[in-house]
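Undergrad: Next comes the sequence, and after it the predicted model I'd like to discuss.
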Amino acid sequence: MNHPLYIYNSLSRRKEHFKPLHEPMVGMYVCGPTVYGDAHLGHARPAITFDILYRYLQHLGYKVRYVRNITDVGHLEHDADEGDDKIEKKARLEKLEPMEVVQFYLNRYHKAMEALNVLPPSIEPHASGHIIEQIEYVKAILDAGYAYVSEGSVYFDVPKYNRDYHYGKLSGRNIDELLNTTRELDGQSEKRNPADFALWKKAAPEHIMHWPSPWSEGFPGWHLECSTMSEKYLGEVFDIHGGGMDLQFPHHECEIAQSVAHSGHDAVRYWMHNNMITINGQKMGKSLGNFITLDEFFNGTHQALVQAYSPMTIRFFILQAHYRGTVDFSNEALQAAEKAYERMMDGWKRLNELKPSEKSSVDVNGLAEKCAEAMNDDLNTPIVIAHLFDACRAINSVNDGKETISADDLEQLKATFKTYLFDVLGIVDERAGGSGVNLKPYEEAVDLLLNIRREAKQKKDWATSDLIRNRLAEIGFDVKDTKDGFEWKVK
Ligand code: ZN
């Protein structure tokens, strides 16, 4: 390879040549979703960023074990609602088992990820399924002397750890400030220092999710699941740990402290963080009225949206920015992304219809090399897209008869689009069902038939209505009547 892969390591704060510990195996861990609500834009960016990394590493020939956890034990630190566990609260309100809430939102999360063409990870471990391992992990930290038991809970001793190691090295926080200035107000804290964090929490009597431990009936602290499960599935030292930038502190800082206290050394070789998404320049938040779920984007049902945006529009939009840059969502920006995506798909469609000439007048040589160079420069997807648009311009010129392309160049160009646009960037042609055939007229024909059936039903013309339904079922369509009309899919 002419250009080795360089990725930005958030810990060293520079681009580093990526070399896995056990070539050709790569161990990769990404902090996954907390499943107590529908997936929103904030979930889409890390999922797509690390999907690109996962795809590209495989493209380079590595065998990747990609672990993305499911946070299904709710967390006190996470909740604005006075220490109420969000999953439990939902379960109580809706009279469901907590695991029913988890499964419901997890299924919906998976569906949204599939729509975005995000590949499923190799392992998706649940925090609640690894309580025994987490208890063992806490025991080891206690044995090493970096934690203490207080009123049935176990806390990580940050000042003690910081005397021997460096707490704050990832986030760059000033630890002295953290240790000395954030005094707790009530004076009744179980913690020795406000900077200490929970490894195990004793459960209050009304808490539904709790497990026995040597210290109390309780539940693990949030940061613990990632240290424990990454070690279990990837080993004491592994290659890449990813997540959103908002997780650097305290989550990832605490993960580092836990694994160093547990094993005596760092677990992660390359830390990678995607930047955040804003909406019209503002942070997303329920109180700001700009909290838009992925389903709402796909259906256009949120009041802030002037239209629906397809999953590929969202994916294309996210990839048009480098993952370490900020992304601001607005209707205008999404409409531009939709047009850009369509232009790209038109280019691909034309490419497949071009007739080769004896010789090429366009220069498409080196396109694959240029795309590789951009990907190797810390996954520079906007540059890859720019190169593919250059190729689209050449394709259009040939299509318009202004330029010519040889059969060899044509094949090479198709192969490059296939590799970079479809395999590496994970784009699919939504208009063509991914197969290169335009399915839109066919979809509209089915809709037309079902609208005729609907009108027949309204006129109580049951013979026509049944005929259409039965014939469509025989042909292989699964038709469902819904509140607003109908839904169909191919069986
Ligand atoms: Zn995590």
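TA: Looks like it arrived, so ask away. The shown structure was predicted, so the numbers you read here are calculated from the model rather than taken from an experiment. Numbers count the residues shown, from 1 in each chain.
Undergrad: Now do residue 299: how many residues are near it, please.
TA: Neighbouring residues of residue 299 were enumerated by other Cβ atoms under 10 Å; the total is 12. In short, each C-beta sits where N, CA and C put it, glycine included.
Undergrad: Now do the same for it: its pLDDT.
TA: Per-residue pLDDT puts residue 299 at 93.
Undergrad: which ones are touching it?
TA: For residue 299, the set of contacting residues under the criterion of Cβ atoms under 8 Å, 6 or more residues apart in numbering consists of residue 308.
Undergrad: measure it to the ion for me?
TA: To the ion, residue 299 is 30 Å away according to Cβ to the ion, to the nearest Å.
Undergrad: How about residue 201?
TA: For residue 201, the distance to the ion equals 17 Å [Cβ to the ion].
Undergrad: Is that residue in a helix, a strand, or coil?
TA: The three-state label for residue 201, taken from DSSP: H, G, I helix; E, B strand; the rest coil, comes out as strand.
Undergrad: how long is stretch 306-315 from one end to the other?
TA: Distance between the boundary residues of stretch 306-315 (Cα to Cα, to the nearest Å) amounts to 18 Å.
Undergrad: How about the residue in the stretch 1-150 of the chain positioned nearest to the ion, nearest residue that isn't a chain neighbour?
TA: Of all residues in the stretch 1-150 of the chain, residue 31 sits closest to the ion, at 3.2 Å by Cβ to the ion. By the measure of Cβ to Cβ, 6 or more residues apart in numbering, the closest residue to residue 31 outside its immediate chain neighbours is residue 243, 3.9 Å from it.
Undergrad: and that neighbour, helix, strand or coil?
TA: Residue 243 falls in the strand class when you classify it by three-state DSSP.
Undergrad: so it touches residue 46, yeah?
TA: Yes. Judged on Cβ atoms under 8 Å, residue 243 makes contact with residue 46 at a distance of 6.1 Å.
Undergrad: Mutual contacts of the two, please.
TA: Common neighbours of residue 243 and residue 46 (Cβ under 8 Å, 6+ apart) are 30, 31, 274.
Undergrad: How about residues contacting the longest helix along the chain?
TA: Ordering each helix of the chain by length in residues (DSSP state H) puts helix 331-353 first. Residues outside helix 331-353 that contact it (Cβ under 8 Å, 6+ apart): 304-307, 309-310, 312-314, 316-317, 320, 385, 388-389, 391-392, 395-396, 399, 410, 413-414, 417, 421, 427, 429-432, 436, 438.
Undergrad: rerun at 7 Å
TA: If you take Cβ atoms under 7 Å, 6 or more residues apart in numbering as the criterion, helix 331-353 is touched by 305-306, 309, 312-313, 316-317, 320, 388, 392, 395-396, 399, 413-414, 417, 421, 429, 431, 436.
Undergrad: Those in helices, which ones?
TA: Secondary structure of the contacts of helix 331-353 is defined by DSSP H; positions in helices are 312, 313, 316, 317, 388, 392, 395, 396, 399, 413, 414.
Undergrad: burial of the residue nearest to the third one when sequence neighbours are not counted, as a residue count?
TA: Distance criterion Cβ to Cβ, 6+ apart; nearest residue to residue 316, sequence neighbours excluded, is residue 341 at 4.2 Å. Counted with other Cβ under 10 Å, the neighbours of residue 341 add up to 24.
Undergrad: residues from the chain in reach of the ion?
TA: Taking Cβ under 5 Å from the ion as the contact definition, the chain meets the ion at 31, 226.
Undergrad: Where does the prediction get shaky in the chain?
TA: Scanning the chain with the threshold set as pLDDT under 70 gives 1-2, 74-85, 181-188, 286-287, 432-440.
Undergrad: Report the central residue of it.
TA: residue 47 (1.3 Å; Cα atoms, centre = their mean).
Undergrad: Check the secondary structure at that one for me.
TA: Residue 47 - assigned by three-state DSSP - is helix.
Undergrad: residues touching it, list them.
TA: With contact taken as Cβ under 7 Å, 6+ apart, residue 47 is in contact with 113, 116, 118.
Undergrad: If you rank those by neighbours, which is first?
TA: Across the contacts of residue 47, the neighbour count under other Cβ under 10 Å reaches its highest value at residue 118, namely 25 neighbours.
Undergrad: Hmm, residue 51 and it touching each other?
TA: Yes. Residue 118 sits in contact with residue 51 when judged by Cβ atoms under 7 Å, with a separation of 4.5 Å.
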